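Student: How does the following fold in three dimensions:
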Amino acid sequence: MRLDDGLLACAAVFSAAMAAYLLTLCPTVYAGDSGDFITASYTLGVAHPTGYPLYMLLGKAFSTIPFGNVAYRYNVLSAVFAAAAAVFACLTARLLVKSWLASAGAGLLVAFSQAYWDQATVAEVYGLNGLFAAALTWLALRWRLKRDGGTLIWFAVAYGLALTNHLSMLLYAPAYIYLISSGVKSKPKGLGWGRIASAFSAPLSLYLYVPLRAMANPPYNWGDPSTIEGFLRHVTGSVHRQTVVLTLTASGYVERFIDILRYLMGQCSVAGVLAAYGLYAHSRRNRVFFNFTAIMACADLVYTLFLNDVSLEVTTFFMPTIVVLAVWSSFGFEDSFRWLRRKGAGAAYAYVFVVVVLGSALAANYGLSDKSGNLLAYDYATNVLRTVDKGAVIFAEGDNTVMPLMYLMLVEKARGDVSVYDRQGILSHGLYGPDYFWMPEGLRDKRQYDVEYAMVEGGRPVYYTFKPDLEYPGYMFQQTGLLYRVVPENETLPNRDYWGLYDTRQVWNATIHLDYMSRNIRASYYARMADWQRIRNPDLALSLLAEAAAIVPDNMNLRYDAGTILLSRGNFTGAARMFEEAVRISPDSAKAHNNLGYALAMSGDEEGGLREYTAALALDPTYLMAKANLAGILMKKGELQEAARQYVDILKSDPRYAKAYFNLGLIYYRAGRTAQAAGMWERYLELEPRDSEVRRLYATVTNSTARGSGAAPVGGAGP
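Tutor: The predicted model follows:
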């Protein structure tokens, strides 16, 4: 084939890939890490670990090209990376087969695979990672076939650069070393190990970007890795090692392995058969490349099984392996062309065959990868900012909320009067302190409470992006649309149609594909609307929670909220079913166990209630509501001494827990200790002075004590 044929094939691969990507490109900031990468790069700040300095700089340079909004430019950059990866896959295949058409088919299988297409439509580092995987494979194989010293130097440079984008590329070193060195007796003349080592290590100096930019105190500074310790933590990803490495059970590993097989088989639909054929029919004649493929696949398997347990729906895996498998498909394409020629088919049929095969991959993955209408993350963040008053403070949690908000405020300069604080502390170290993220959990919780309460006391309007499980003396939480505002007790905010302020154009749009991230955002709308309607229209609230649970079936809070609504309506059996689901999803949730216990006890199953209260306290020994509920059950069972011990423990933790005083009074009275009972009820009335029934009870007991009478008090196990 002529050089022009190669240029034409590469141009066709790049153009076809870019056309598909631009048609399905997300028009603005996406959920998850998209806002993190864009904001960090655009402000020359620091992204989450491991910092990704190469992406930061390339993204900043590309963002200066004046077209579309800033997020759209970064999304286009991802498309360029993925399309270039497809070109290198085509070039790699051409080193093994004679047909440029077969090679182009292999390249476009990479382009139209679910993993590459998905990453080509949003701002992410995986497109660039895939490009390096494809380029390194081409360079290593080219060196093996050509023995060109310059190629080996370029390989070393590319590998060093790849590591400044994503450190997972280290896992593939054994595969590349094998491909380069297997059967090779000596290196090219004049090419010393020093030159190779220098070519590899020089790009690693880009990691100096991370501490240097952190020391400059940029507006977006994840974790502030400005110290040596902070820098090492950042670039080694120690945060991720604590949360995603070796965390599954034995059955969990089996389930994940099965999910991995499904994931790989779904990449290119039936087109993957060509790769399987290539491996079967040509592995003996290409033994070294076959072994390289096996080592590469094993590295990806180790990474996905043991080193990163994030859902396969959230993080893209196996991108290097997908490139290599697509190269094997070029053998399938080429043998198919030979078969067609033997059957007397003209050359045009080879092109038809390629179109049909690629069409199957395109048809299978177009809808899954299409984000051209996905504005959910952008709209959600915009609606949050529309909710708050001037000068507001927003305490936010979760990447789907924090990252798009940061993008809007730091890149698009929206609502400069508002302050957004990430409650995890990784972006808000100026508020919580530089040591906050690494503090023991109990100390971190206290620091968080003290800092946020001080902000409440400071007078600015304070909002939370979730329903807080917090108690601030003198304050309560009032829902304001998507948020919850801290307001003084006994003060009610004016009625306001928050939902009329919002752009909900895609909340009810069932035609767009909902991936994991988008599903969670839509479910958040339903959950907030349900909370808004829980008093106004409980049936509608339950319906909205059911809709949300159908979208994200693994969300515990949706079942929990539905259970609380059913509790308030006296449907204890239905509430118990909801809380059982909540416990199944999150067995470590103390509040779910506690409410399940309450629903069971109110349904007549006191033993079940006792079991669940005990489980809640085993998870959180400081959970006062569970202690109070457990004490109530013990009182009914006649175990008054143990019940009294629980109430005394409650009062040690919270001397203002009124119900504990009342029930302790009952226990003391039944034990004949009327003076102590009166003392408990007196303390209760100091906290609850409007309780006329208990005041009458207190008066009866004190009068009977004065007369020496033992009249029994009225009332149950609680006021």
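
Student: rest of the way, CA atoms for contacts and neighbours
Tutor: Fine.

Student: Confidence-wise, which helix or strand of the protein is lowest on average?
Tutor: Sorting the helices and strands of the chain by mean pLDDT, DSSP states H and E puts helix 238-244 at the bottom, at a mean of 61.

Student: Skip ahead from that helix and say which helix or strand is next.
Tutor: On the C-terminal side of helix 238-244, the nearest following helix or strand under DSSP states H and E is helix 250-265.

Student: And for residue 4, the neighbour number?
Tutor: A count of nearby residues for residue 4, using other CA atoms under 10 Å, gives 9.

Student: oh, and call the first residue 25 from now on, that's how I've got it
Tutor: Fine by me, first position is 25 from now on; the one you just mentioned is residue 28.

Student: OK, contacts around residue 385?
Tutor: 133, 136, 137, 291, 292, 293, 294, 295 (CA atoms under 8 Å, 6 or more residues apart in numbering).

Student: and it, what element?
Tutor: Counting by DSSP H and E, the element that carries residue 385 is helix 371-393.

Student: other SSEs contacting the very next helix or strand once past that helix?
Tutor: Moving toward the C-terminus from helix 371-393, the next helix or strand (DSSP H and E) is helix 400-411. Secondary-structure packing of helix 400-411 (3 or more CA pairs under 8 Å, 6 or more residues apart in numbering; DSSP states H and E): helix 423-430, helix 522-525, helix 540-557.

Student: Repeat the analysis, applying 7 Å as the threshold.
Tutor: helix 423-430, helix 540-557 (3 or more CA pairs under 7 Å, 6 or more residues apart in numbering; DSSP states H and E).

Student: just the ones you listed: most buried one?
Tutor: helix 423-430 (a mean of 24; mean count of other CA atoms under 10 Å).

Student: Tell me the first helix or strand C-terminal of that one.
Tutor: Scanning forward in sequence from helix 423-430 by DSSP H and E, the next helix or strand is strand 443-446.

Student: Give the buried residues for the very next helix or strand once past that following strand.
Tutor: Proceeding N to C from strand 443-446, the next assigned helix or strand is helix 453-456, under DSSP H and E. Neighbour counts using 16 or more other CA atoms under 10 Å place 453, 455, 456 of helix 453-456 among the buried residues.

Student: how close does the last one sit to residue 446?
Tutor: Distance, residue 456 to residue 446, using CA to CA, to the nearest Å: 10 Å.

Student: got the phi/psi numbers for the closest residue to residue 175 other than its chain neighbours?
Tutor: Leaving out its chain neighbours, the residue that sits closest to residue 175 by CA to CA, 6 or more residues apart in numbering is residue 167, at 5.8 Å. Phi and psi for residue 167, reported as degrees, to the nearest 10, are phi -60, psi -40.

Student: which residues does residue 167 contact?
Tutor: Residue 167 sits next to 175, 176, 204 when contact means CA atoms under 7 Å, 6 or more residues apart in numbering.

Student: ok, which stretches of the protein are strands?
Tutor: 417-420, 443-446, 486-488, 499-504, 507-512 (DSSP state E).

Student: could you dump these to JSON lines with mean neighbour count?
Tutor: Compiled in JSON lines, the strands of the chain are given as follows (neighbours: other CA atoms under 10 Å):
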{"stretch": "strand 417-420", "mean neighbour count": "22"}
{"stretch": "strand 443-446", "mean neighbour count": "19"}
{"stretch": "strand 486-488", "mean neighbour count": "25"}
{"stretch": "strand 499-504", "mean neighbour count": "19"}
{"stretch": "strand 507-512", "mean neighbour count": "21"}
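
Student: Which among the ones you listed is found nearest to residue 556?
Tutor: The closest of the strands of the chain to residue 556 is strand 499-504. By CA to CA, the value is 7.1 Å.

Student: Who are the packing partners of that closest one?
Tutor: Strand 499-504 packs on strand 507-512, going by 3+ CA pairs under 7 Å, 6+ apart.

Student: Strand partners (parallel or antiparallel) of the strand it packs on?
Tutor: strand 486-488 (antiparallel), strand 499-504 (antiparallel) (DSSP bridges).

Student: which residues are contacting that strand?
Tutor: So strand 507-512 is contacted by 486, 487, 488, 489, 490, 491, 498, 499, 500, 501, 502, 503 (CA under 7 Å, 6+ apart).

Student: re earlier: where among the helices and strands packed on helix 400-411 is average confidence lowest?
Tutor: Out of the helices and strands packed on helix 400-411, the stretch the model trusts least by mean pLDDT is helix 540-557, with a mean of 89.

Student: My guess is residue 456 contacts residue 447. True?
Tutor: No. Using CA atoms under 7 Å, residue 456 is not in contact with residue 447, being 8.5 Å away.

Student: And the helices in the stretch 225-374 of the chain, which stretches?
Tutor: Assigned by DSSP state H, counting those that start in this stretch, the stretch 225-374 of the chain shows helices spanning 233-239, 252-259, 262-268, 274-289, 296-306, 311-326, 343-366, 371-393.

Student: Any idea which of those helices gets closest to residue 141?
Tutor: Taking CA to CA as the criterion, helix 371-393 is the member of these that comes nearest to residue 141, at 6.1 Å.

Student: Show me what counts as buried in the closest one.
Tutor: Neighbour-count burial for helix 371-393 [16+ other CA under 10 Å]: 374, 377-378, 381-383, 385-386, 388-390, 392-393.

Student: how far away is residue 532 from residue 398?
Tutor: Going from residue 532 to residue 398 by CA to CA gives 12 Å.

Student: more neighbours, these two?
Tutor: Between residue 532 and residue 398, counting by other CA under 10 Å, residue 398 is the more crowded of the two (22 against 11).

Student: Give me the phi and psi for that one.
Tutor: phi -90, psi 100.

Student: Look at it and report its pLDDT.
Tutor: 90.

Student: cool, and the one 5 residues further on?
Tutor: Looking at residue 403, its pLDDT stands at 95.

Student: Once you drop chain neighbours, what's closest to it?
Tutor: residue 527 (6.4 Å).
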